[in-house]
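Enquirer: Predicted coordinates and the sequence they were generated for:
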Amino acid sequence: MALVTKADIVKYMDITLTPLQEDSADTILAGLQSEMETYLGRPVEVNTYTDEVHVMGSDHVGVPMGSFFYNHDSSDTSSGAWPTIQTFTDPPETVYLRNSPVVAVTSVTRRGASASATTDTLTEYTNYIVRRYGIDVYGSVANDKVTVTYTAGLTGANIPMFKLMILRAAAREMQNMHDDVVGIKDLDPRETTLAEIGFMEKELLAIKRYRRVRVS
């Protein structure tokens with residue numbers, strides 16, 4: 001679903017579009033939303049995606065679980081003495097997803113690299129933890145293939161400046177092809193100044209705070 005529709009453009013500009021102009025409006029609106037998403041590095045609407053990611057090799061060695069799960073190891077004593085028994089484990093592998101922020105994860109499966117490997121369905125909080133940028137997966141080794149089905153994206157409908165920016169940019173471009181302007185250009189093209197197309201630099205600066213800084 002598009003963030004801005006043809007009906008929004010007609011209402012915003014208070015114009016009537018011909019069938020040909022309606023087709024052009026669809027192309028313009030889709031292009032502007034894609035341009036905004038490319039600049040931001042993330043979708044402006046929540047959609048469902050499936051990513052397949054191969055786990056990278058890790059140089060981590062076993063560390064006490066208490067170092068990143070608790071303030072102290074579960075075998076610690078109230079006397080303050082260092083525990084005699086500690087549980088060691090490997091830190092989780094972070095799987096960065098292509099789209100963010102992650103809203104929800106529907107399913108996660110993992111398959112080993114060997115030909116005889118089976119595909120396992122992972123369980124949240126037991127095998128992985130959801131982050132805004134991806135998931136942390138426990139118990140994976142290098143070259144494991146992790147498949148994640150998830151929903152992600154900004155709630156653009158709740159960010160009024162996104163819709164207004166697309167409307168303004170679309171109106172400028174539609175104005176260049178509107179019947180009245182076309183007629184003026186036919187009569188005296190040298191005196192007609194075309195409206196700037198695309199997003200202006202100052203408009204993009206207004207949404208820079210929503211831009212994703214990629215980590216992978």
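Expert: Great, that's in hand. Note that this is a predicted model, so its numbers are computed, not measured.
Enquirer: so what's Gln21 closest to, chain neighbours aside?
Expert: Met177 (6.3 Å; C-beta to C-beta, 6 or more residues apart in numbering). Where you see a C-beta, it was placed from the backbone N, CA and C, and this is true even at glycine.
Enquirer: typo on my end, Thr106
Expert: Using C-beta to C-beta, 6+ apart and skipping the chain neighbours, the partner closest in space to Thr106 is Thr149 (4.4 Å).
Enquirer: Which residues are in contact with the one you found?
Expert: Shown in contact with Thr149 (C-beta atoms under 8 Å, 6 or more residues apart in numbering): 48-50, 105-108.
Enquirer: Check Ala170 too.
Expert: Ala170 neighbours (C-beta under 8 Å, 6+ apart): 4, 9, 25, 28-29, 32.
Enquirer: hmm, 6 Å instead?
Expert: The neighbours of Ala170, taking C-beta atoms under 6 Å, 6 or more residues apart in numbering as the test, are 9, 28-29, 32.
Enquirer: just the buried members of the residues you listed?
Expert: Buried members of the contacts of Ala170, scored by 16 or more other C-beta atoms under 10 Å, are 9, 28-29, 32.
Enquirer: among the residues you listed, which are in helices?
Expert: 9, 28-29, 32 (DSSP state H).
Enquirer: between these, which is closest to Tyr138?
Expert: Nearest to Tyr138, judged by C-beta to C-beta, of those is Leu32 at 41.6 Å.
Enquirer: okay, now the residue nearest to Gln21: neighbour count?
Expert: Neighbourhood size, Met177 [other C-beta atoms under 10 Å]: 16.
Enquirer: per-residue pLDDT, it?
Expert: Here the pLDDT value assigned to Met177 is 74.
Enquirer: what packs against whatever helix or strand Gln21 lives in?
Expert: Gln21 belongs to helix 19-40 when assigned by DSSP states H and E. When contacts are defined as 3 or more C-beta pairs under 6 Å, 6 or more residues apart in numbering; DSSP states H and E, helix 19-40 packs onto helix 6-13, helix 160-177.
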